[in-house]
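Enquirer: Here is a sequence together with a model predicted from it:
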Amino acid sequence: MTDDLFAEPPSPAARAADLRAQLHHHAHRYYTLDEPEIPDAEYDRLFRELQAIEAAHPELLTPDSPTQRVGGRVLDMFTPVRHAVPMLSINTETDTEPSGARNFDARVRRALGLSESDPPVDYVAELKFDGLAMSLRYEDGVLVQAATRGDGEVGEDVTTNVRTIAQVPLRLPADAPPVLEVRGEVYMRRDQFEALNEKQRAKIAAGAKGEKTFVNPRNAAAGAVRQLDSRIAAQRPLSFFAYSWGEVQGDDAPPATQYEWLMRLKAWGFPVAEQTTLASGADALVAFHQRIGADRDRLPYDIDGVVYKVNALALQKQLGFVTREPRWAVAHKYPAQEQLTTVLAIDVQVGRTGKLTPVAKLAPVFVGGVTVTNATLHNEDEARRKDVRVGDTVIVRRAGDVIPEVVSVLVDKRVGEPVPFTMPRTCPVCGSEAVREEGEVDFRCSGGLFCGAQRKQAILHFAQRRAVEIEGLGDKLVEQLVDAGVVKTLPDLYRLGLTAFATLDRMADKSAQNIVAALEKSKYTTLPRFLFGLGIRHVGEATAKELARHFGQLNRIMDASVEQLLEVDDVGPVVAQSIHTFFGQPHNREVVEQLRACGLTWQEGEPAERAPQPLAGKTFVLTGTFPTLSRDQARDLLEAAGAKVAGSVSKKTDYVVAGAEAGSKLEKAQALGVAVLDEAGMLDLLKTPPPENPVTA
C-alpha cells in the first residue's frame, strides 16, 4: 500500500481553500476564456461541496468565496457596465427526479405559511436555456446597451455585437416604458452550431491559423458575443429568448404577475419560449418537468433543465432572497449530459456497410440518465483532432438517444506520453485491407463478402430484387440464419436444404419450400445483376451494366487493372480503385468462386459494342403507376438508352414520367417547369432523340 492511503483527510479549512481555488480557476475558464475544462455537472458538485463546508463552518466563509457571487469577471477588453438591478442567479434543485418540483413547492408553501387546506400556489414554468445571460437596456424605446451578467453586479458592454442578433428588437413600440431592461438568454441553435463547426473544420483543414472548433453551442454563443469585431459576430448565427426584466422606469400600470410581464415582453417584440406556461401547484410542475424532459432532445436548442417561478409578484416580494438567490424561483435540472471519465482503451468497430469507427472504452460513468461505457470517436481524423489517447481524462456527452461521444480531452491531466491513436490498416474482424478513399473521412473494410460484421448487409443486398433476387429472403429470416450461425458467407445459403429452413422459428413447411425454390431460381441470373449483388462500393446497377458490356466476362473484370477499368464508360478513378481493391482481396474472390461452384450461372460473351444511346446526358424521374410497364422495366429501358434515372426532382431534371396517382414529384416538376411525360410519351422518346430544350407540359 502507498502512504497516500494512510494520509489524514484535509481539514475543512484546507478543503474549502482548495475548492475555492478550483472554482475560481474553472469559472475563469468558463466565463472569461470560453474554454471550459470540466462539464457543468462537475462544477456544480464542487460548488455544492463548498456550500456544505461553509454552512457547517461559518467562520470559513470569506468575502471572495464563489458562493457569494454569481461567478465570472469582466473582460478587460470591454467597457464595464454596472447593473441597475443585480443579475442574480437562481438556486438549483439538486434532486433531478420529478420529486424535485414537489420539494420546491413545499418550501414555498412553508415560507408563505400555507397549510394543506390552502389553495395551490400559481407558478410560471419555463425552460432553463444553456446559453449566455444578457441584459438589454432600452431608453425611449431604443436599444442603448447590452451587457453580459458578469459577476451579477458588473457586466460587459457587448452592445455592438448584440445588435447583430436579428431576434433582438432595436426599437420598441410607443407603449413601452421610457426605461426598460429586458433580461434573457443569447443562444445558438443546434443545427447552426453544427454548421458553424463544419466551417471551422474546413478552415482548419485548409491550414488556417488560430481557428478552432467549439465544444458546445453555449461555448460558441459566448465566443460570438465577445468578439471585438462585430462583423465576425454578425457571421455567427445567434438567437435570443426573453424571460425576465431589470430596471423599469415610467411604467404607470406595471403587471402584477410574472406571466403578465412575459406576455407584455412578447407583445413588445421579444421572443418568449413557446413552452412557457402557467402551472398551479406541485402536480402541474411535475407534469411540466416530465413533458419537457421527454421533448428535450427534440428541441432545436440546448436546455439543461426547467425553471419554476412564483407567479404573483407580491408573493415574490414576500418570499424575498437568501444570500444571492431568490426564494421564489428554482432551476430544476435534468440528469447531466456531460461528465468526466477515463479512457480505458480505444477499439475499432466495423459497421454493417464496412465502415470502421474508433470507439473509446470508458470507465463507467452515469450521464444523460444512463451508465455509459462506450463513446464514439467518429473517425481517425476526429480522434486525432481531439487527441484522445488511452488513459486520458475526457468529457463524455450523451443527449437522449444520441450515441455517446467524447467531447474533449483534459490534456493537463494526462500522465506520461501515451501513443496517439492510429486507425489499423486491416479490418479487425476479417483481416481484409482497410481502405480510405480520396476525399473520404472514413476507412472501410474491403472484404465485403467475407467480413463477419458485414454478413447480414451483404446477404440482404445480394438477395434484393434488382440484384440476384431471392424472393422471401428478408431481414428477419437473414437475422435468424446469421445469428444461429447457419449462414456465415453467401455460398452457405445455397448449401442449405429444406430441413435447415423448416427448423427455424415460425417457418412453416410451405414457407421453407418457397425459400428453397427461390434460391434455386436465383441461380440463373445475369452478369450485371450478379456484379451489382456483390455490393462493391460505388458500383450501382448502371455501372454493373457498363462493366458487363465492356468486358463480357466476370474473370476479365476481376483481373482488370485500374487503367483497364478506367476505359469503361461511367467508371472514374474512385470507382476503378474500389473495384480493383475488392477483387484484390483473396476472401472476396474465394466467395465468388464458391458461388459459381454452388451453381450460380449467367450468360457471358465477348465485349459488346455500345448500342445507340438517344437519351445520353438526360435525367429522368419516375413517379406514379404506369399502364403497362413496372417502374423497374421503365428504369431499365431509360438506362439502356443512356439516361440517368434519379429519385428526386430538381432544376437539373430533364423529364418526369408520371403515371396514375403521381404525387409530390409531379407537383414539384410543374412548379419548376420540368417537362412531364406519360408512359406513351416516354416510349416515343426512346425511338426519337429528344430536343435540346424540351417543352414543358
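Expert: Good, I have the coordinates. Residues are numbered from 1 along each chain as shown.
Enquirer: Going by C-alpha atoms from here, please, whenever you check contacts or count neighbours.
Expert: Noted.
Enquirer: in the helix or strand bottoming out on mean pLDDT in the chain, what counts as buried?
Expert: One helix or strand of the chain scores below all others by mean pLDDT, DSSP states H and E: helix 230-235, with a mean of 79. By 16 or more other C-alpha atoms under 10 Å, the buried positions in helix 230-235 come out as 230, 233, 234.
Enquirer: Dump those to CSV, plus distance to residue 551.
Expert: As requested, these are exported to CSV (distance: C-alpha to C-alpha, whole Å):
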residue, distance to residue 551
230, 61
233, 58
234, 57
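Enquirer: what's the distance between residue 468 and residue 421?
Expert: 41 Å (C-alpha to C-alpha, to the nearest Å).
Enquirer: contacting residues for residue 446?
Expert: By C-alpha atoms under 8 Å, 6 or more residues apart in numbering, the residues touching residue 446 are 354, 432, 433, 434, 435, 581, 582, 585.
Enquirer: Ok, residue 554 next?
Expert: Taking C-alpha under 8 Å, 6+ apart, one finds 527, 548, 604 in contact with residue 554.
Enquirer: redo that, cut-off 10 Å
Expert: 527, 528, 530, 531, 547, 548, 560, 592, 602, 604, 605 (C-alpha atoms under 10 Å, 6 or more residues apart in numbering).
Enquirer: Keep only those of those that are in helices.
Expert: 527, 528, 530, 531, 547, 548, 592 (DSSP state H).
Enquirer: hang on, the earlier thing: specify which member of the contacts of residue 446 is nearest to residue 648.
Expert: Using C-alpha to C-alpha, residue 354 comes nearest to residue 648 of those, at 27.1 Å.
Enquirer: any idea how far that closest one is from residue 538?
Expert: Counting by C-alpha to C-alpha, the gap from residue 354 to residue 538 is 13 Å.
Enquirer: between those two, who's got more neighbours?
Expert: Between residue 354 and residue 538, counted using other C-alpha atoms under 10 Å, the more crowded position is residue 354 (26 against 15).
Enquirer: Give me the pLDDT value at the more buried one.
Expert: pLDDT, residue 354: 88.
Enquirer: got the contact list for it?
Expert: Counting by C-alpha under 10 Å, 6+ apart, residue 354 has contacts 427, 434-435, 442-448, 451-455, 457-458, 537.
Enquirer: can I assume residue 526 is in contact with residue 468?
Expert: Yes - look at residue 526 against residue 468 with C-alpha atoms under 10 Å: they come within range, at 8.0 Å.
Enquirer: picking that back up, now, of the contacts of residue 554, which are buried?
Expert: 527, 528, 530, 531, 547, 548, 560, 592, 602.
Enquirer: how much space is there between the last one and residue 640?
Expert: Using C-alpha to C-alpha, we find residue 602 at a distance of 19 Å from residue 640.
Enquirer: tell me the helices in the stretch 251-400 of the chain, going along the chain?
Expert: 258-267, 281-295, 313-319, 380-386 (DSSP state H, counting those that start in this stretch).
Enquirer: Can you name every helix or strand that the last one contacts?
Expert: In other words, helix 380-386. Helices and strands touching helix 380-386, by 3 or more C-alpha pairs under 10 Å, 6 or more residues apart in numbering; DSSP states H and E, are strand 355-367, strand 405-409.
Enquirer: which stretch among those strands comes nearest residue 211?
Expert: Using C-alpha to C-alpha, the helices and strands packed on helix 380-386 put strand 405-409 closest to residue 211, at 16.1 Å.
Enquirer: who's in contact with the closest one?
Expert: 36-38, 214-216, 338-343, 359-360, 362, 372, 374-378, 383, 385-389, 392-399.
Enquirer: low-scoring pLDDT stretches of the stretch 351-500 of the chain, where are they?
Expert: 399-402 (pLDDT under 70).
Enquirer: which sections of this protein are below the confidence cut-off?
Expert: For the chain, the ranges with pLDDT under 70 are 1-7, 28, 31-34, 63-64, 68-76, 399-402, 608-612, 688-697.
Enquirer: hmm, back to that, just the buried ones from the contacts of strand 405-409, in ChimeraX syntax?
Expert: A single ChimeraX command selects the buried members of those (16+ other C-alpha under 10 Å):
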select :36,37,38,214,215,216,338,339,340,341,342,343,359,360,362,372,374,375,376,377,378,383,388,389,392,393,394,395,396,397,398,399
